[in-house]
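Participant: how would this look folded up:
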Amino acid sequence: MEYRRAVTPALAGGVMVTLLLWWAGASADALRLEGATDVLGREAVAGLQSWLLPWAYEPSGGTAGGYLDGTGASRYLGLHHTAIQIRYAAMLVFYTAGALLLLRRLPPERGRTWAALLALWAWGLVAATLAVTVSAPWLIAAGGHGSYRFLPQLASLSSAGRPIVVPVALAAAAWTVLVARLALKATEPQPRESVPARPALLAATVGTAVVAVSLIVLSYESSAAALQTAFTGDGLLGEPGDLLRQWLLLGGWSGPGGAPLGEWLQYRVGDVLLLAVVWCALRWLPGLLTKVSVPAMAACGVCAVVLGLLAEQTLRMASDGTQAPSGLLSVASGLGEGVTAALFWGAVAGIAATVTLRAAGHRTTSPSG
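Facilitator: Residues are numbered from 1 along each chain as shown. Coordinates of the predicted model:
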């Protein structure tokens, strides 16, 4: 898909996802009304606030920096507003840039529509994660203690506000695909790569093995603990353990211990599902792209890992939803976890798959789009 045709749907999707998140953040004020607790319940209101407040323009307590009034409150409140403005601007930029790349290499035409929709949905979560991370330093400063345990604060704030992004990103992806299909009307079908089966299988296996390093090796209890305590220190960049775990670990697991073996195996099914989704995506992607390039495969690798995480988390929701005393809302709070690590490992997996394809003798046979 040519850039001039891809720009409009990419920008339309970026504007849509930004507006939807702004609307969600503005809706947080409604949860502070007196009747909200009576209608929804205290636990439901608290859960929804944790979803929406990271995207709200006003801080949760109405003040920032610990000041109740005066110039101090105004200064820190201004920092909070700046952080949220940066968050929305970054969301627009990151989503538009990623959607532009995905639409150019994975146009939503016949035979590719569902793949493009899923990739754009996953990219919406990635863009939100990047936007939250980029704006987090301003929020830390708005709290009035920016130099205290900066990296643990950054890790905590970077993981906020993801559950609400899941439905919002899906709606924005559907809108982006719709606009892109309109832009593709009366155009010739886009070219596809001709990829031999054996190199494609090998590339998918290598990419999945890269993801398994995080999911199986690094996420094991003892490895995760070693990563948490391997780097210490004081000052601004001290205690990076939480941030390292966030960027390197796709999950967390240990041996069955005293738990029933059947219950332990049930939780491991989610990990198998994640790897299966990644393998299938990396196997099919080279034949769907208009051109197998390193940026396209890296971006699609990230989207594949995010989709695998969503599949795993949905399976876990289905198994835990009926057992959770606080209901589905509490269980759904885990949606979107691991996206930061998916950004790193998905990109590495996509690059590894591309290198494997080329090393196995794959050559581009179709003209570039």
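Participant: how about stretch 74-84: buried residues?
Facilitator: Buried residues in stretch 74-84, counting neighbours by 16 or more other C-beta atoms under 10 Å, are found at 76-77, 79-81, 83-84. C-beta coordinates here come from the backbone N, C-alpha and C atoms, glycine included.
Participant: Show me where the stretch 101-250 of the chain has its helices.
Facilitator: Using DSSP state H, counting those that start in this stretch, the helices found in the stretch 101-250 of the chain span residues 113-142, 150-158, 165-183, 197-212, 221-230, 241-248.
Participant: So which of those helices is the most surrounded?
Facilitator: Compared across the helices of the stretch 101-250 of the chain, helix 113-142 shows the largest average neighbour count, a mean of 23 (mean count of other C-beta atoms under 10 Å).
Participant: returning to what we had before: quickly name whichever of the buried residues of stretch 74-84 is closest to residue 48.
Facilitator: Closest approach to residue 48 among the buried residues of stretch 74-84 (C-beta to C-beta): residue 84, at 18.3 Å.
Participant: just checking, the closest one touches residue 57?
Facilitator: Yes. With contacts counted by C-beta atoms under 8 Å, residue 84 reaches residue 57, the gap being 5.3 Å.
Participant: what is in contact with these two at once?
Facilitator: Here residue 84 and residue 57 have residue 25 as joint contacts, going by C-beta atoms under 8 Å, 6 or more residues apart in numbering.
Participant: What separation do you get for the closest residue to residue 243 other than its chain neighbours and residue 180?
Facilitator: Distances taken as C-beta to C-beta, 6 or more residues apart in numbering put residue 155 closest to residue 243, at 4.3 Å, once the chain neighbours are dropped. According to C-beta to C-beta, to the nearest Å, residue 155 stands 35 Å off from residue 180.
Participant: and what of residue 278?
Facilitator: Taking C-beta to C-beta, one finds residue 278 at 25 Å from residue 180.
Participant: now do residue 100
Facilitator: For residue 100, the distance to residue 180 equals 11 Å [C-beta to C-beta].
Participant: Return every residue with contacts to both of the two.
Facilitator: Jointly contacting residue 100 and residue 180 under the rule C-beta under 8 Å, 6+ apart are residue 6.
Participant: domain assignment for the protein?
Facilitator: 1-190, 192-369 (automatic domain parsing).
Participant: Take those and write them to CSV, including mean pLDDT.
Facilitator: Shown next, in CSV, are these (pLDDT from 0 to 100):
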stretch, mean pLDDT
domain 1-190, 86
domain 192-369, 84
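Participant: The helix or strand where residue 311 lies vs helix 165-183, what angle?
Facilitator: Applying DSSP states H and E as the criterion places residue 311 in helix 294-320. Angle, helix 294-320 to helix 165-183, by axes from the mean of the first three to the mean of the last three C-alpha atoms, to 10 degrees: 130 degrees.
Participant: Many thanks, have a good one.
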